[in-house]
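S.K.: what's the 3D shape of this:
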Amino acid sequence: MEIAIKRASGKFTFTPDDIRKGINDLELRVLPLTQEHAIKMFEVPAHHPDPFDRQLIAQALIEDMPIVTCDETFERYQGLRLIW
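M.R.: Numbering: from 1, shown residues only. Below is the predicted model:
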């Protein structure tokens, strides 16, 4: 969703087919947004101004999965594992 929004704003030029190909080529698993993820959002501090990034943080915390990012703001979230 975030890539689609950034494409609409002119920040990216990826097409839906590009995204599908990338997901398949990298053998990524797309997580659904669950009720548990949404409830976790109540506990995630607003250190990061981007609600999509806070959603990713909530999902990573619930699923005990690392996030790949170079965004230093993510370091402010206790218990979050980061790669990069």
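S.K.: all contacts plus neighbour counts: C-alpha atoms, from now on.
M.R.: OK.
S.K.: mind pulling up the pLDDT for Ile3?
M.R.: The model reports Ile3 with a pLDDT of 88.
S.K.: and what of Phe12?
M.R.: For Phe12, the model assigns a pLDDT of 91.
S.K.: before we move on, what SS does the closest residue to it other than its chain neighbours have?
M.R.: Distance criterion Cα to Cα, 6 or more residues apart in numbering; nearest residue to Phe12, sequence neighbours excluded, is Lys6 at 5.8 Å. Three-state assignment for Lys6 (DSSP: H, G, I helix; E, B strand; the rest coil): helix.
S.K.: if I look at Leu61, how far off is Ala4?
M.R.: With distances taken as Cα to Cα, to the nearest Å, Leu61 is found 24 Å from Ala4.
S.K.: more neighbours: which of those two?
M.R.: Leu61 (20 against 16; other Cα atoms under 10 Å).
S.K.: where's the more buried one, which helix or strand?
M.R.: If you go by DSSP states H and E, Leu61 is part of helix 51-63.
S.K.: list the contacts of that helix.
M.R.: 2, 33, 36-38, 40-41, 44, 46, 48, 66-67, 74, 79-80 (Cα atoms under 8 Å, 6 or more residues apart in numbering).
S.K.: rerun that using 6 Å as the cut-off
M.R.: For helix 51-63, the surrounding residues in contact (Cα atoms under 6 Å, 6 or more residues apart in numbering) are His37, Lys40, Met41.
S.K.: contacts only, for the first one.
M.R.: With contacts defined as Cα under 6 Å, 6+ apart, the neighbours of His37 are Ala58, Gln59.
S.K.: phi, psi for it please.
M.R.: Main-chain torsions, His37, degrees, to the nearest 10: phi -60, psi -50.
S.K.: go on, the last one?
M.R.: When read as degrees, to the nearest 10, the backbone of Met41 gives phi -60, psi -30.
S.K.: which one is it nearest to, not counting chain neighbours?
M.R.: Ala58 (5.8 Å).
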